[in-house]
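Build me a structure from this.
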Amino acid sequence: MTGSPQLDGLREIITGGGRLVVLTGAGISAESGIPTFRGPEGFWTVGSEVYQPQDLATWSTFSRDPQLVWPWYLWRRKLCREASPNAAHQALVKLEQHLGERFTLVTQNVDGLHARAGSCRDQTYEIHGNIDYFRCVNSCGPRRPVPDLPHVGEDHRFRTAWAETLECSRCRAWMRPHVLWFDECYDENNYRFESAVEAASTADALLVVGTTGTTSLPAHMLQIAKARGLPVVDINPNDNPFAHAAIAGPGTWVQSSATAGMSSVLSALSIV
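All right, here's what the predicted structure looks like:
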């Protein structure tokens with residue numbers, strides 16, 4: 001672990017009444033056993049055809065063949081539902097309880113583990129959506145929880161028994177997973193784009209846990225933090241742009257896992 005004494009700077013900001021925005025990514029969920037999106041477990045084989053996430057996680061593919069995409073998402077949802085929040089998720093709940101309204105959590109993860117750990121939904125921005133919800137492709141109604149369906153993951157086929165559940169009860173169009181696809185743009189209504197930008201623009205420090213910031217909104221949040229001269233505290237075992245910003249500025253790179261790094265943060269802030 002490198003640079004941990006510099007967590008004293010974060011402590012000074014917090015004890016001085018500063019606002020904290022936390023950005024989390026796949027690294028925190030990996031410690032709960034959820035496969036990384038782009039890893040081998042993310043691939044999907046139908047017959048002799050092997051699909052990569054970039055092939056399936058698009059509006060283009062869904063609009064063309066929803067019966068190909070839905071089984072993959074239902075399987076990924078099943079993996080997420082079988083996972084449990086880990087010590088890093090719980091540590092962020094403690095941090096939120098300590099800071100109250102001075103805390104904002106921005107997560108790229110769609111697994112819902114932050115909410116299940118106890119994070120306040122009003123202060124948690126799921127900028128890539130939540131795989132446990134679906135919504136009508138015609139936007140004719142609110143998003144709703146995805147019901148449990150039989151035989152998910154037993155094979156890669158679409159089950160006719162799922163069809164009625166995955167149909168909008170109002171307009172009879174397809175329901176779609178409530179997730180941001182590769183060929184879609186962020187917005188406020190579904191993905192809290194403006195809220196996340198506002199959080200980065202008004203925070204006094206940026207805490208990053210388990211992400212390399214390869215998607216555009218996290219990268220934009222980093223640029224805001226750098227432009228404002230904010231301390232960036234990056235918890236990640238691997239080198240990444242957030243670590244570079246942390247080292248170059250008034251922050252620190254905590255080179256560790258999410259659980260170990262968050263334990264260090266709580267210790268630095270005297271939160272038990």
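
Please make it C-alpha for all contacts and neighbour counts, starting now.
Will do.

can you count the residues close to residue 16?
9 (other CA atoms under 10 Å).

Show the backbone phi and psi for it.
Backbone torsions for residue 16, taken as degrees, to the nearest 10, come to phi -90, psi 10.

what does the one 5 residues further on give?
The main-chain torsion angles of residue 21 are listed as degrees, to the nearest 10 and equal phi -110, psi 130.

My guess is it contacts residue 203. True?
Yes: with contact defined as CA atoms under 8 Å, residue 21 and residue 203 form a contacting pair (6.0 Å).

who has more neighbours, these two?
Higher neighbour count among residue 21 and residue 203: residue 21, with 22 against 19, using other CA under 10 Å.

Residue 7 belongs to a strand?
No: Residue 7: not assigned to a strand; according to DSSP: H, G, I helix; E, B strand; the rest coil it is helix.

Show the model's pLDDT score for it.
For residue 7, the model assigns a pLDDT of 94.

what separates the closest residue to it other than its chain neighbours from residue 129, distance-wise?
Among residues not flanking residue 7 along the chain, residue 268 sits closest, at 6.3 Å (CA to CA, 6 or more residues apart in numbering). The gap separating residue 268 from residue 129 is 32 Å, by CA to CA, to the nearest Å.

More neighbours: which of the two?
Neighbour count, other CA under 10 Å: between residue 268 and residue 129, residue 129 has more, with 23 against 18.

For that one, list the residues it contacts.
Residues counted as contacts of residue 129 (CA atoms under 8 Å, 6 or more residues apart in numbering) are 108, 109, 110, 178, 179, 180, 190, 191.

can I get those residues in CSV with secondary structure, distance to residue 154 and pLDDT?
Below are the contacts of residue 129 laid out as CSV (DSSP: H, G, I helix; E, B strand; the rest coil; distance: CA to CA, whole Å; pLDDT from 0 to 100):
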residue, secondary structure, distance to residue 154, pLDDT
108, coil, 28, 97
109, coil, 25, 96
110, coil, 22, 97
178, strand, 23, 98
179, strand, 23, 97
180, coil, 26, 97
190, helix, 31, 97
191, helix, 31, 98
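
In these, find the pair that's most separated.
Greatest spatial distance in these: 109 and 190, 14.2 Å, computed using CA to CA.

and these two? which has more neighbours close in?
Neighbours per residue, other CA under 10 Å: of residue 109 and residue 190, the larger number sits with residue 109, 23 against 17.
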